[in-house]
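Participant: Build me a model:
(one chain, ligands or ions: 1)
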Amino acid sequence: MRRVCSRPSGAASSGATTNVATKDLRDWIALLEREGELVRVGAEVDPDLEVTEIVDRTVKAGGPALLFERPKGAKHPLLINQFGSERRMCLAFGVENLDDVARKVSDVLEMQPPSGLMDKVRGLQKLKSIADSLPETVRRGPVHDVVLHGDDVDLSLLPVQRCWPGDPAPFITLPAVITRDPRDGVRNVGMYRMQVIDKRSTFMHWQLHKDGRADWLATDGRIPVAVAIGLDPITAYSASAPLPKHIDELMLAGFLRGAPVELVKGVTVDLEVPAHAEIVLEGYIDKDEALGDEGPFGDHTGYYTAAEPFPVFHVTAMTMRNDAIYPSIVVGKPPQEDAWLGKATERIFLPAIRATVPEIVDYDLPVAGAFHNCCIVSIRKAFPGHAHKVMHAIWGLGMLSLTKCIVVVDAHVDVHDYEQVLFYAGANVDPARDVVLARGPLDHLDHAPEHQFIGGKLGIDATAKLPEEGARPWPEEIAMSEEVRALVDERWAEYGIPPVDARSASRIR
Ligand SMILES: Cc1cc2nc3c(=O)[nH]c(=O)nc-3n(C[C@H](O)[C@H](O)[C@H](O)COP(=O)(O)O)c2cc1C
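Facilitator: The predicted model follows:
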């Protein structure tokens with residue numbers, strides 16, 4: 001990702017450091033407003049479909065975050081499109097470029113034994129930044145300003161959206177769902193949509209490969225669940241981050257924020273919840289209760305995912321800040337707002353991927369590929385079959401294992417420039433030799449395979465081929481000499497030809 005966002009005025013940002021720590025959603029809204037990135041909508045607007053149509057047009061036009069102050073039929077305002085542009089994503093992280101966030105992660109992952117005093121000091125600072133990332137328990141938080149128990153719990157107070165015409169009900173789409181693994185007590189925070197059933201219950205859509213689901217399956221009887229809605233943007237993002245099961249997403253949030261997430265004890269569940277959340281739903285899911293039919297839902301695949309059995313979440317308490325603000329997100333045919341949450345994950349996880357597969361230079365998950373459908377990866381090729389090795393490594397790597405199609409290119413190819421990638425995928429590929437067909441796990445929501453969860457994988461080796469790979473002598477790529485390029489740069493004005501962008505004039509190089 002080569003683009004650079006303009007620097008947020010309120011946020012400290014210098015190169016690789018990220019230290020914004022908007023304290024909560026309100027702080028974030030204030031920052032968006034100062035930066036001209038938020039529009040307040042005073043007109044009454046219906047969360048039933050109307051908001052979707054407005055936000056779909058706004059996102060696709062690169063428009064602002066929207067705060068609907070009078071959602072029809074609800075007591076609370078609705079924030080949407082907070083993440084819907086690269087600039088706002090950079091504002092959220094307090095960086096000029098999402099790669100700066102990745103650098104902060106790679107600084108820690110690539111820590112070496114210190115060789116001198118200054119190295120030791122730097123190492124200690126890095127270790128301190130990890131230690132300071134752990135969530136902090138506080139005695140009280142504004143999330144408990146309003147506490148509704150039992151019959152007073154009423155999800156219809158919230159402007160929960162019904163997003164698309166084929167959705168059977170409203171869905172809470174931006175929740176951070178908190179559970180604990182009963183075996184080791186490790187917390188999990190995941191973003192799983194929740195279809196509203198009635199004023200005190202919802203479905204919980206944790207898919208087959210997800211950690212929240214694993215916690216539920218490992219629990220006998222009732223698993224306590226807390227759902228935080230309306231968080232600072234980094235903590236909200238962290239709920240969607242595909243971390244290994246034993247790593248607490250709130251620690252990642254603290255590390256990326258440069259300040260720990262403050263937690264308070266739940267009022268009816270033995271879980272801690274973010275003290276500055278706008279809304280928390282506390283409750284339980286009972287493994288002995290029959291599953292219900294969740295969906296269909298207009299999904300990020302661009303299609304309705306079919307109704308399927310999922311467990312029911314019962315709300316025992318609804319706690320809120322005074323005048324709580326409810327955030328939402330619409331997914332659908334890409335690009336939508338979630339594209340930028342996905343791009344943040346793509347960038348932030350590059351160092352971790354490189355730590356496992358160091359020959360990887362860069363990768364790109366095209367937004368139109370709905371994240372799991374396509375991955376373009378560039379490698380420093382060193383031996384015959386290397387591209388195939390990398391394909392199989394990716395098919396064995398966390399949530400990337402669900403990737404359906406992988407295109408491997410050489411190190412000098414810009415994976416974010418799809419025209420360049422297509423050039424090499426066309427020029428360097430003999431389909432009889434360079435296409436790998438494999439079989440493996442697929443995304444829960446993928447409707448294309450014959451069987452749900454499992455099916456075909458496609459790998460395309462678009463690297464230059466070595467003799468051992470069955471190639472004839474590989475031709476040299478055309479490129480103008482640097483001397484002539486410099487000469488023409490220097491003389492351009494003299495030719496009297498209007499200026500051209502030299503980079504775009506020679507993009508495939
Ligand atoms: C807007 C949005 C909605 C999502 N909805 C779901 C969902 O309904 N079910 C699901 O399993 N994953 C969903 N995801 C993906 C998960 O949040 C993601 O895979 C996360 O890593 C899951 O956490 P876990 O690995 O701790 O289970 C969604 C992601 C985003 C950004």
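Participant: I'd like the mean pLDDT over stretch 337-352, please.
Facilitator: Per-region confidence: stretch 337-352 scores 96 on mean pLDDT.
Participant: correction: stretch 485-494
Facilitator: Stretch 485-494 comes out at a mean pLDDT of 97.
Participant: Can you show me the CA trace of it as CSV?
Facilitator: Output in CSV follows, covering the C-alpha atoms of stretch 485-494 (Å, rounded to 0.1, in the frame of the first residue of the first chain):
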residue,chain,number,x,y,z
ARG,A,485,15.3,7.9,-18.5
ALA,A,486,17.3,10.6,-16.7
LEU,A,487,18.1,12.4,-19.9
VAL,A,488,14.4,12.5,-21.0
ASP,A,489,13.3,13.7,-17.5
GLU,A,490,15.8,16.5,-17.8
ARG,A,491,14.8,17.5,-21.3
TRP,A,492,11.0,17.0,-21.1
ALA,A,493,10.2,20.8,-21.0
GLU,A,494,12.4,21.3,-24.0
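Participant: Please enumerate residues in contact with that stretch?
Facilitator: 499, 502 (Cβ atoms under 8 Å, 6 or more residues apart in numbering). Where you see a C-beta, it was placed from the backbone N, CA and C, and this is true even at glycine.
Participant: And the closest residue to the ligand within the stretch 1-150 of the chain, how far from residue 31?
Facilitator: Nearest residue of the stretch 1-150 of the chain to the ligand: residue 83, at 8.8 Å (Cβ to the nearest ligand atom). Per Cβ to Cβ, to the nearest Å, residue 83 is found 13 Å from residue 31.
Participant: So the two - more neighbours on which side?
Facilitator: residue 83 (28 against 22; other Cβ atoms under 10 Å).
Participant: Tell me the secondary structure of that one, please.
Facilitator: Classification of residue 83 using DSSP: H, G, I helix; E, B strand; the rest coil returns coil.
Participant: where do the strands sit along the stretch 101-250 of the chain?
Facilitator: 136-137, 146-149, 171-172, 176-180, 187-190, 194-198, 201-203, 222-229 (DSSP state E, counting those that start in this stretch).
Participant: can you list the residues of the stretch 251-400 of the chain near the ligand?
Facilitator: By Cβ under 6 Å from any ligand atom, the residues of the stretch 251-400 of the chain that approach the ligand are 329, 331, 338, 341.
Participant: So what's the residue count around the last one?
Facilitator: As a burial measure, the neighbour count of residue 341 was computed by other Cβ under 10 Å and equals 25.
Participant: Let me see the backbone angles for it.
Facilitator: When read as degrees, to the nearest 10, the backbone of residue 341 gives phi -70, psi -40.
Participant: Just list the residues touching it, thanks.
Facilitator: 83, 89, 237, 240.
Participant: Also the third one?
Facilitator: Residues counted as contacts of residue 338 (Cβ under 8 Å, 6+ apart) are 83, 300, 329, 331.
Participant: Kindly report the same for the first one.
Facilitator: Counting by Cβ under 8 Å, 6+ apart, residue 329 makes contact with 80, 83, 173, 174, 336, 337, 338.
Participant: CA atoms only: put stretch 314-321 into PDB for me.
Facilitator: Written as PDB, here are the backbone C-alpha positions of stretch 314-321 (Å, rounded to 0.1, in the frame of the first residue of the first chain):
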ATOM      1  CA  HIS A 314     -30.000 -14.300  26.100                       C
ATOM      2  CA  VAL A 315     -29.500 -10.800  27.500                       C
ATOM      3  CA  THR A 316     -29.500 -10.500  31.300                       C
ATOM      4  CA  ALA A 317     -28.400  -6.900  31.500                       C
ATOM      5  CA  MET A 318     -28.100  -4.000  29.200                       C
ATOM      6  CA  THR A 319     -25.700  -1.300  30.500                       C
ATOM      7  CA  MET A 320     -25.100   2.000  28.800                       C
ATOM      8  CA  ARG A 321     -23.500   5.400  29.100                       C
END
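Participant: Good, wrapping up.
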